[in-house]
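Q: Attaching a predicted model along with its sequence, questions to come.
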Amino acid sequence: MKKMLVYLFISFFPIISISQVENVSRLAIRTVNPFFYYNALNFIDEDSSLTRLDLYIQVPYTQLTFVKESNFFVSIYEISAGIYDLNDRIITEKIWSEKILLATYSESISRGGSNISLRSFRLPAGVYKIKIFMEDRESKRNATATAELTIRDFHSFNFSVSDILLVKDYSEVNGTRRIVPNITNNIVLSDSGFFVFWEFYNHSSDSLYNVNCKIKDQKGDVVLDFDTPYKFSEKKNPVFLQIQKQDFKLGEYVITVSAISNNPKEGPYNVSKKIFSRWIGVPKSVIDLNKAIEQMIYITNRENIEKMTKEKEESKKFNMFMDFWKSKDPTPSTADNELMDEYYGRIEYATSNFSNYMEGWKTDMGMVFVILGPPNNVDRYPFNYNTPAHEVWEYYNLNRKFVFVDHSGFGDYRLLNRDYSEWFKYR
């Protein structure tokens with residue numbers, strides 16, 4: 001096993017050539033954090049028949065370049081946000097810059113640090129496209145986002161509900177509300193639960209309503225379902241609803257708020273939002289801690305894996321997992337752990353491309369791919385009457401060749417030169 005581990009770390013970074021395994025490059029399989037997050041939310045515009053679109057954009061400090069100026073660390077980035085019709089004709093656009101001043105270098109590399117900006121648009125109801133461009137002024141790194149956008153008409157209903165905004169922190173002191181929005185839509189760090197905010201619009205004479213809050217996981221199973229009665233006496237009513245601490249597993253969820261009138265002739269008004277439970281600093285493909293620990297078989301020994309899996313307390317298990325990867329981080333002074341991103345990117349690619357009756361990362365092809373990365377060259381030989389289908393993977397700078405043969409004819413490629421497998425023993 002020690003021989004395998006040494007070989008793994010030597011080979012993880014030199015391989016930079018583009019492989020013919022589905023034309024994958026190393027950059028294509030890395031799972032990285034987004035350059036920026038955004039929420040585009042519908043609210044009523046009380047001064048007109050239009051709808052107000054609030055655009056929140058959050059940029060993590062770790063994606064920006066900070067320059068020392070006098071006693072501060074400074075970063076500037078530019079944003080342009082345009083609203084287009086479905087024929088890509090521009091309707092309106094806003095361009096602005098953000099300047100961040102931090103007192104210490106440690107703040108600039110903190111995973112928890114970010115900057116949030118807000119701009120509003122007023123639009124008639126309809127379907128649009130939103131296009132966002134963001135560029136870091138110092139490094140010139142940039143990113144874009146494009147999405148279809150539905151603008152709702154709140155004025156045509158007796159009652160309605162705005163879009164949902166997740167709230168990272170909410171407090172009220174002497175009647176003054178302090179809100180820190182959660183633009184990432186990530187609830188994993190919500191140890192005491194979390195708040196959601198929306199507005200209720202009432203254009204009828206009724207004031208008593210019931211609000212149902214339902215959260216479903218990615219399988220469609222309900223993990224939370226509760227009702228809250230409200231008395232809405234104003235035309236516009238802000239609502240802060242606390243979601244109590246739940247055992248949210250890693251993955252995607254959908255939260256739905258349904259406003260229900262006491263008038264049986266009125267149907268419910270529903271609005272939904274996708275939310276996530278993901279660890280900060282962990283590739284987004286990792287959604288099951290026990291599975292992620294099991295997948296470490298190519299980079300550590302079974303003793304370490306068993307020690308982690310036997311830990312019953314989830315937080316301690318997660319800390320053990322993170323401590324292991326921190327010890328392997330090639331750039332510990334930065335927020336990103338490139339080795340961890342690369343490793344689980346390879347796991348994800350192997351699972352997507354080499355699975356048959358077992359998960360792709362467990363197959364012979366997946367094993368070699370995870371340990372050595374994309375090969376420099378792949379030759380594929382289809383089945384003929386006297387020769388089974390097989391593939392030959394070549395790693396030029398390692399002077400190694402691997403032959404995989406599909407004896408069954410069902411895509412179950414096995415490593416032919418099994419002597420090499422002693423380096424990658426995992427069972």
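A: Sure, I can see it.
Q: So Ile293 sits against Thr309, correct?
A: Yes - under the criterion of CB atoms under 8 Å, Ile293 lies in contact with Thr309, with a separation of 5.7 Å. Glycine gets a C-beta too; all of them are placed from N, C-alpha and C.
Q: what is in contact with these two at once?
A: Residues within reach of Ile293 and of Thr309 at once, by CB atoms under 8 Å, 6 or more residues apart in numbering, are Lys317.
Q: More neighbours: the two, which one.
A: When neighbours are counted by other CB atoms under 10 Å, Ile293 and Thr309 differ, and Ile293 comes out ahead with 23 against 14.
Q: burial measure for Arg414, as a count.
A: As a burial measure, Arg414 scores 16 neighbours (other CB under 10 Å).
Q: show me what contacts it?
A: By CB under 8 Å, 6+ apart, the contact list for Arg414 reads 364, 404-407.
Q: Which residues does it form beta bridges with?
A: With DSSP bridges applied, Arg414 shows beta-bridge pairing to Val405.
Q: Give me the distance between it and Tyr344.
A: Counting by CB to CB, to the nearest Å, the gap between Arg414 and Tyr344 amounts to 25 Å.
Q: which residues sit against stretch 174-191?
A: 37-39, 56-58, 116, 165-172, 194, 197, 240, 243, 245, 248, 250, 253, 273-280.
Q: next one: stretch 318-326
A: Counting by CB under 8 Å, 6+ apart, the neighbours of stretch 318-326 from elsewhere in the structure are 279, 281-282, 289, 292-293, 296, 300, 304, 307-308, 311, 332, 337, 339-340.
Q: What is the most widely separated pair among those?
A: Pairwise distances among the contacts of stretch 318-326 were taken by CB to CB; the largest, 24.0 Å, belongs to Glu311 and Pro332.
Q: Now the helix ranked longest in the chain: buried residues?
A: Here the longest helix in the chain is taken by residue count, with DSSP state H as the criterion, and it is helix 338-353. Across helix 338-353, burial judged by 16 or more other CB atoms under 10 Å covers 338-351.
Q: Quick check: which of the residues you listed has the minimum pLDDT.
A: Confidence by pLDDT is poorest for Glu338 among the buried residues of helix 338-353, given 79.
Q: returning to what we had before: state the next helix or strand along the chain beyond the longest helix of the chain.
A: On the C-terminal side of helix 338-353, the nearest following helix or strand under DSSP states H and E is helix 364-372.
Q: Report the backbone C-alpha coordinates of that next one in CSV.
A: Included here for helix 364-372 are C-alpha records, laid out as CSV according to Å, rounded to 0.1, in the frame of the first residue of the first chain:
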residue,chain,number,x,y,z
ASP,A,364,-10.5,-1.0,-13.1
MET,A,365,-10.8,1.9,-15.5
GLY,A,366,-12.1,4.1,-12.7
MET,A,367,-9.2,3.0,-10.4
VAL,A,368,-6.5,3.9,-12.9
PHE,A,369,-8.3,7.1,-13.9
VAL,A,370,-8.6,8.3,-10.3
ILE,A,371,-5.0,7.6,-9.4
LEU,A,372,-3.3,8.7,-12.6
